[in-house]
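[1] The sequence and its predicted three-dimensional model are supplied below.
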Amino acid sequence: MARYTGPKEKIERRIGEKLFLKGERSYSPKAAIIRKPYPPGLHGRKLKNRKFSEYGLQLISKQKVRSIYKILEKQFRRYIEDSLKSKGDSGETLVQNLERRLDNVVFRMGFSDARDKARQLVSHSHFLVNDRPINIPSYKVRIGDVVKVKPQNMENSYFSNFLPRYIKKYQPPSWVEIDKETFIGKIKNLPNLSESDIEHKDVQAIIEFYSR
């Protein structure tokens, strides 16, 4: 499946908000949006304080969420359609479906410091879900599912060197639990909006945009 492969920090500068797309770098003073807090391009500085219409703000919210979860328009629209058809709250359903993607779950469990990296790890078949190899980033996990690193991959330098140091200081959201010694995680509950990277106003804007 096609995906955006351009500069990630340009997306943040264009939107005007830090989306933590570069892992640990996003938390450092080297982050592009800190060094250049204005849109990219020749006239970026002049556009720093620009104002948007309601429609423009809805487009920004859509772009923001799509960028966070690395989803292209066609797939994102399917998530929206499923959410609008659900019996519960459309916004909450949207967040739950996005958060339960396997690439995001790998990120949430602390097995990766960025969703891009998590997507790559899943695509390269480094993880098992309920002891079954799954290499589909969009695979939707359920309550009770167990996600773990393939035993034969534990000697890989990423899992033997980087991950033990990173996961030691990582604090997962309440809907997952992880064993930091064995790299095994379990889905305890459904995800919630408050522990996602999405603001309520963005969810509302997106639902209104697609409900036109």
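    Arrived safely.

[2] C-alpha only now, for contacts and for neighbours.
    OK.

[3] any chance you could map the helices in the chain?
    For the chain, applying DSSP state H gives helices covering 8-15, 32-35, 54-69, 73-85, 90-99, 102-108, 115-123, 157, 163-168, 200-210.

[4] Quick one: closest of those to E177.
    Closest approach to E177 among the helices of the chain (CA to CA): helix 102-108, 9.7 Å.

[5] tell me which residues of that closest one are tucked away?
    L102, D103, N104, V105, V106, F107, R108 (16 or more other CA atoms under 10 Å).

[6] re the thing from before, lowest average pLDDT across the helices of the chain?
    If you rank the helices of the chain by mean pLDDT, helix 32-35 sits at the bottom with a mean of 57.

[7] deepest of the helices of the chain, which one?
    Neighbour counts (mean count of other CA atoms under 10 Å) averaged over each of the helices of the chain peak at helix 102-108, with a mean of 25.

[8] tell me what it is packed against?
    With contacts taken as 3 or more CA pairs under 8 Å, 6 or more residues apart in numbering; DSSP states H and E, helix 102-108 sits against helix 115-123.

[9] Alpha carbons of the helix it packs on, as CSV, please.
    What follows is helix 115-123 as a C-alpha-only set of coordinates in CSV (Å, rounded to 0.1, in the frame of the first residue of the first chain):
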residue,chain,number,x,y,z
ARG,A,115,4.6,4.8,14.5
ASP,A,116,6.6,4.7,11.3
LYS,A,117,9.1,2.4,12.9
ALA,A,118,6.3,0.3,14.4
ARG,A,119,4.7,-0.1,11.0
GLN,A,120,8.0,-1.3,9.5
LEU,A,121,8.5,-3.8,12.3
VAL,A,122,5.0,-5.2,11.8
SER,A,123,5.5,-5.4,8.0
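
[10] Show me what that helix is packed up against.
    helix 102-108.

[11] Mind listing residues that contact the helix it packs on?
    The contact list for helix 102-108 (CA atoms under 8 Å, 6 or more residues apart in numbering) reads 69, 98-99, 112-115, 118-119, 122, 136-141, 147, 172-173, 176.

[12] Now it - C-alpha only, CSV.
    Provided in CSV are the C-alpha atoms of helix 102-108 (Å, rounded to 0.1, in the frame of the first residue of the first chain):
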residue,chain,number,x,y,z
LEU,A,102,-1.5,-3.3,15.1
ASP,A,103,1.2,-0.8,14.2
ASN,A,104,-0.2,1.7,16.7
VAL,A,105,-0.5,-1.1,19.4
VAL,A,106,3.1,-1.9,18.9
PHE,A,107,3.9,1.8,19.4
ARG,A,108,1.6,2.0,22.4
